[in-house]
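K.L.:
What follows is a predicted protein model with its sequence.
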Amino acid sequence: MADPEHPPGSSEPAGAQPATTGVGKASSVSPAGGASSSSPSSATATTATARRQLLAALQATDGTIARLDKLMTSAYGQERVFAVTGYLSHALHHLLVSAPWIAVQTRLSLLARLNARATPKKSGSAASPPPTSRLLALSSLMSETRYALRLLGLFPLWTWGADTLRSPPADRTIYTLTMLQVVSNMIYQALENGGFLAAKGVVSKKFVDRWGGVDKWYLWSTRAWFGHIFLQFFVLWRQYVLRKRKLSTETEKGKEEKEAELKAEIRAWKKSLVNNVCWAPLCLHWCVEKGIGFPDQFAGVVSFMAAAWGVFDLWGATAN
């Protein structure tokens, strides 16, 4: 960060010289020769205001950076930051190369020329390929970084399964669905890790090619991920049924006492539903070799929609 500018000095301009009047008194004149109209108190007040504004800006910046640092102290927080950066850069790239945006740029350029506010530009300058291609490169970098971070993803999945076995949910249906999700996610992560390491030359590609190649491993990895998403709809349905059943048996007094807990539970349920609804069409599209026709230009927007609520909650937690 650049150093703050030093406030202007208190010395007078070099051209201001004391002039002796006919009665032997000196009066201050400006460099232009006229009497100086600037007040020292006014200059001091302006400097103080500028200092306060600079201090406030620095304090706001410091607070934001502190919250970002707190957000990224966990591996999950770092992964979420990379994810949102990748999603937004992908979405922005497709926005800037879209026909409507180019039409708007062209119209604004024509208006500028008609009003003589801009010099004529070459016809190919409206699309601005270099900046948009850099955005796509950033999105690709974020995606690859997240692949690398997920190389350790099997460990928390193992812990998830072990915890579920040690402390199973009271509902047998939820327990079964959860264990199926654990298995599905472990298959997904193992195949993704194998494909990624083979693509980077860490694992022998001959072994991977023997079982379909890197692309096939990625494809089946995504299908295993879709298995998790598919099962999550049943988990959410079962949670809804159990919550309605529980509320029907509770007294009004009991409902009032647990109102905050119930609101938090419903909010978490809705957040999971939104996440699942957003990911389902995208994941299904990627599960099919030729896709199901989902527009690629909307992939970044929908992915961001899936992650936005969770990231918003993570950011809110950094204020505590």
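P.N.:
Happy to help now that I have it.

K.L.:
Check which helices and strands the longest helix seen in the chain is in contact with.
P.N.:
Assignment by DSSP state H gives helix 214-249 as the longest helix of the chain. In this structure, helix 214-249 makes packing contacts with helix 172-199, helix 205-210, helix 259-287, judged by 3 or more C-beta pairs under 8 Å, 6 or more residues apart in numbering; DSSP states H and E. Where you see a C-beta, it was placed from the backbone N, CA and C, and this is true even at glycine.

K.L.:
closest one to residue 296 among the ones you listed?
P.N.:
Nearest of the helices and strands packed on helix 214-249 to residue 296, taken as C-beta to C-beta: helix 259-287 at 9.0 Å.

K.L.:
now that closest one: mean pLDDT?
P.N.:
Throughout helix 259-287, pLDDT has a mean value of 94.

K.L.:
what's the next secondary structure element after it?
P.N.:
Scanning forward in sequence from helix 259-287 by DSSP states H and E, the next helix or strand is helix 299-317.

K.L.:
Show me the helices in the stretch 1-150 of the chain, by range?
P.N.:
For the stretch 1-150 of the chain, the helices defined by DSSP state H, counting those that start in this stretch occupy 40-71, 75-96, 99-114, 129-149.

K.L.:
I'd like the ones you listed laid out as CSV, including distance to residue 161.
P.N.:
What follows is the helices of the stretch 1-150 of the chain, written out as CSV (distance: least, C-beta to C-beta, whole Å):
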stretch, distance to residue 161
helix 40-71, 28
helix 75-96, 18
helix 99-114, 46
helix 129-149, 20
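
K.L.:
Run a quick neighbour tally on the closest residue to residue 297 other than its chain neighbours.
P.N.:
Excluding the flanking residues, the one nearest residue 297 by C-beta to C-beta, 6 or more residues apart in numbering is residue 94, at 3.7 Å. When counting by other C-beta atoms under 10 Å, one arrives at 20 neighbours for residue 94.

K.L.:
picking that back up, and the helices of the stretch 1-150 of the chain: which comes nearest residue 279?
P.N.:
Taking these one by one with C-beta to C-beta, helix 75-96 is closest: 12.0 Å.

K.L.:
So for that closest one, what gets flagged as buried?
P.N.:
Across helix 75-96, burial judged by 16 or more other C-beta atoms under 10 Å covers 77, 79-84, 86-94, 96.

K.L.:
Same check on stretch 206-219?
P.N.:
In stretch 206-219, counting by 16+ other C-beta under 10 Å, buried: 208, 214, 217-219.

K.L.:
which among these gets closest to residue 317?
P.N.:
Nearest to residue 317 out of these is residue 218 (C-beta to C-beta; 33.2 Å).

K.L.:
show me the contacts for the closest one.
P.N.:
By C-beta atoms under 8 Å, 6 or more residues apart in numbering, residue 218 lies in contact with 191-192, 195.

K.L.:
switch the cut-off to 7 Å
P.N.:
By C-beta atoms under 7 Å, 6 or more residues apart in numbering, the contact list for residue 218 reads 192, 195.

K.L.:
quick one: it and residue 195, what's the gap?
P.N.:
Separation of residue 218 from residue 195 (C-beta to C-beta, to the nearest Å): 5 Å.

K.L.:
try residue 212
P.N.:
Using C-beta to C-beta, we find residue 212 at a distance of 10 Å from residue 195.

K.L.:
Please parse this protein into its domains.
P.N.:
For the chain, automatic domain parsing gives the domain ranges 72-151, 153-298.

K.L.:
out of those domains, which comes closest to residue 41?
P.N.:
Here domain 72-151 is closest among the domains of the chain (C-beta to C-beta), at 41.4 Å.

K.L.:
Export stretch 306-320 to CSV, keeping only CA atoms.
P.N.:
Output in CSV follows, covering the C-alpha atoms of stretch 306-320 (Å, rounded to 0.1, in the frame of the first residue of the first chain):
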residue,chain,number,x,y,z
ALA,A,306,-25.0,-22.2,-5.3
ALA,A,307,-22.2,-20.9,-3.2
ALA,A,308,-23.3,-17.4,-2.4
TRP,A,309,-25.5,-18.2,0.7
GLY,A,310,-22.7,-20.2,2.3
VAL,A,311,-20.1,-17.6,1.6
PHE,A,312,-22.4,-14.9,3.0
ASP,A,313,-22.7,-16.8,6.2
LEU,A,314,-18.9,-17.3,6.4
TRP,A,315,-18.3,-13.6,5.9
GLY,A,316,-20.9,-12.7,8.5
ALA,A,317,-19.2,-14.9,11.0
THR,A,318,-15.9,-13.0,10.7
ALA,A,319,-17.6,-9.9,12.2
ASN,A,320,-17.8,-11.6,15.6
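
K.L.:
Please consider this matter closed, and thank you.
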